[in-house]
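**Student:** build me a model from this:
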Amino acid sequence: MGISVSDGVRVAMLGGTFDPVHLGHLRSAVELVDALGLERVHMIPAHQPPLREAPGVPSHERLTLLQHGIGDTPRLVADDREIRRDGPSYSADTLASLRAEYGESARLVMALGHDAFLKLAGWHQPQRLFELAHLVVIERPDHHQPLPDTLGELIAGREVDDPAALFATPAGGLLRLSLPTRMAISATEVRQRLCYGGSVRYLLPEAVERRIMALGLYRHER
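**Tutor:** Numbering: from 1, shown residues only. Predicted coordinates:
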């Protein structure tokens, strides 16, 4: 894998449907590397997302688009482990797989957006997420909604103020992180533009756009 498993290695999981992967996804991954001093970000397309409808584009093709989008970007990896696994793509199971791979002393992070964070208490085995990893919430600067009570109880006593405090232990903490570049790109909007033939230039990596156009992906959603 190119990275030796040793005490304190810092690795993140950034999951999602990536339907399709866009520049906002990729820029966030790069900025996570810089902000947290990560050795690697595993970008993991969901095979069977448990909390939403199955994407219209098959998981293997979404993985290929992700591989095209990442290209040779250092420290970003398109990871197919959820595609290879049967059943719903539960994040707890994915983190368990990463924890087994990197060892008990690794500093493992699950990064997620603010909207997903607000629903965290309703996820499959949410307490187990903290047993396996730290959570890093990518903040939305325009969001000031109070947390649901169930979420407040789940994260009570876990929040820290900076990466150094987070990585003092292998797992169990919560850090809210504002990234420098906040690219307001929506995969839903990208799909809609592709559906009616609108321009997606500068919303997607060029290699991703070329493959989508060559295969006619997302045009069937008319």
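**Student:** can you tell me what sits against stretch 17-26?
**Tutor:** Residues external to stretch 17-26 that are found in contact with it (C-beta atoms under 8 Å, 6 or more residues apart in numbering): 14, 16, 43, 45-46, 49, 52, 55-57, 62, 65-66, 69-70, 73, 76, 183-185, 187, 190-191, 202-205, 208, 212, 217-218. C-betas here are computed from N, CA, C, even on glycine.
**Student:** show me the residues you listed that map onto strands.
**Tutor:** 14, 16, 43, 45, 76 (DSSP state E).
**Student:** show me what the second one is bridged to.
**Tutor:** In this case it means residue 16. residue 45 (DSSP bridges).
**Student:** count of neighbours near it?
**Tutor:** Using other C-beta atoms under 10 Å, residue 16 has 19 neighbouring residues.
**Student:** isn't it up against residue 52?
**Tutor:** No - using C-beta atoms under 8 Å, residue 16 is not in contact with residue 52; the gap is 10.4 Å.
**Student:** packing partners for the helix or strand where residue 175 lies?
**Tutor:** In this assignment (DSSP states H and E), residue 175 forms part of strand 174-177. On a contact count with 3 or more C-beta pairs under 8 Å, 6 or more residues apart in numbering; DSSP states H and E, strand 174-177 meets helix 23-36, strand 134-138.
**Student:** chain center to the last one: distance?
**Tutor:** Which is strand 134-138. 10 Å (C-alpha atoms, centre = their mean, to the nearest Å).
**Student:** what's the next secondary structure element after it?
**Tutor:** Strand 134-138 is succeeded, C-terminally, by helix 149-155 (DSSP H and E).
**Student:** and the contacts of that following helix?
**Tutor:** 117-118, 120-122, 126-127, 135, 147, 174.
**Student:** quick check: buried residues in stretch 148-160?
**Tutor:** 151, 154-155, 160 (16 or more other C-beta atoms under 10 Å).
**Student:** end-to-end on it?
**Tutor:** 19 Å (C-alpha to C-alpha, to the nearest Å).
**Student:** check the offset of it from the chain's centre.
**Tutor:** 21 Å.
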